[in-house]
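[1] sequence unavailable; structure follows:
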């Protein structure tokens, strides 16, 4: 990572480097949430400024726009590298903000669960009494199925008739 620090120092002015250096990790953990938000806004504005400069240089080179007074159109390679430095720094800061946001959400969810468990433990159980006397119980319900009109004796007679007829057929040699 020493090469990256050296290249960042070479590409950026002193004020810019100070903001980007704060986005590296040992220092990033110690920055309070409000300052992190301010740092992210500053990094985003610097990145956007570099991006707009690159865009303007490309428009001038293509002939779509007029060059600014007193400025020539140099190569945008240095500005693009500067934009990448700001983008990487912004990514680190956004990651840290996401991490802090997740910690805050987990702590809030744990607190909500503790409150819910405490409410459940203090709540009295609801067991209603049956009253002075028991109820009448269940009442029979008429079935909608039609009654079977065949007598059970008739069922047995028909079954025996079928058995006898099958035996006669088998004995005929067929």
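    Nice, I can see it. Note that this is a predicted model, so its numbers are computed, not measured.
[2] going forward, measure contacts and count neighbours with C-alpha atoms only.
    Will do.
[3] what's the helix or strand for residue 125?
    Residue 125 is part of no helix or strand, with elements assigned from DSSP states H and E.
[4] next structured bit after the biggest helix by length in the chain?
    The longest helix of the chain (DSSP state H) is helix 77-122. Going down the chain from helix 77-122, the next helix or strand is helix 152-171, by DSSP H and E.
[5] pLDDT of that following helix, averaged?
    Taken as a whole, helix 152-171 has a mean pLDDT of 90.
[6] repeat for stretch 81-94
    Rounded mean pLDDT across stretch 81-94 is 95.
[7] tell me how far it is from the chain's mean position?
    Between the centre of stretch 81-94 and the centre of its host chain there is 25 Å, according to C-alpha atoms, centre = their mean, to the nearest Å.
[8] ditto for stretch 164-174
    With C-alpha atoms, centre = their mean, you get 77 Å for stretch 164-174.
[9] same check, this time on stretch 146-165
    Counting by C-alpha atoms, centre = their mean, stretch 146-165 comes out at 68 Å from the chain centroid.
[10] please apply the same query to stretch 138-150.
    56 Å.
[11] let's number from 123 now, not from 1
    Let's use 123 as the start, then, which means that last one is stretch 260-272.
[12] ends of that stretch, what's the gap?
    Start-to-end span of stretch 260-272 (C-alpha to C-alpha, to the nearest Å) is 31 Å.
[13] pLDDT score for the residue positioned nearest the centre of the chain?
    Central residue of the chain (C-alpha atoms, centre = their mean): residue 224, 11.9 Å from the mean position. Reported pLDDT at residue 224 in the predicted model: 97.
[14] which strands or helices does the longest helix of the chain pack on?
    Contacts defined by 3 or more C-alpha pairs under 8 Å, 6 or more residues apart in numbering; DSSP states H and E place helix 199-244 against helix 124-133, helix 136-143, helix 155-184.
[15] now render those helices as CSV, adding mean neighbour count, distance to residue 266 and mean pLDDT.
    Listed next are these as CSV, based on neighbours: other C-alpha atoms under 10 Å; distance: least, C-alpha to C-alpha, whole Å; pLDDT from 0 to 100:
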stretch, mean neighbour count, distance to residue 266, mean pLDDT
helix 124-133, 13, 86, 80
helix 136-143, 15, 83, 92
helix 155-184, 16, 72, 93
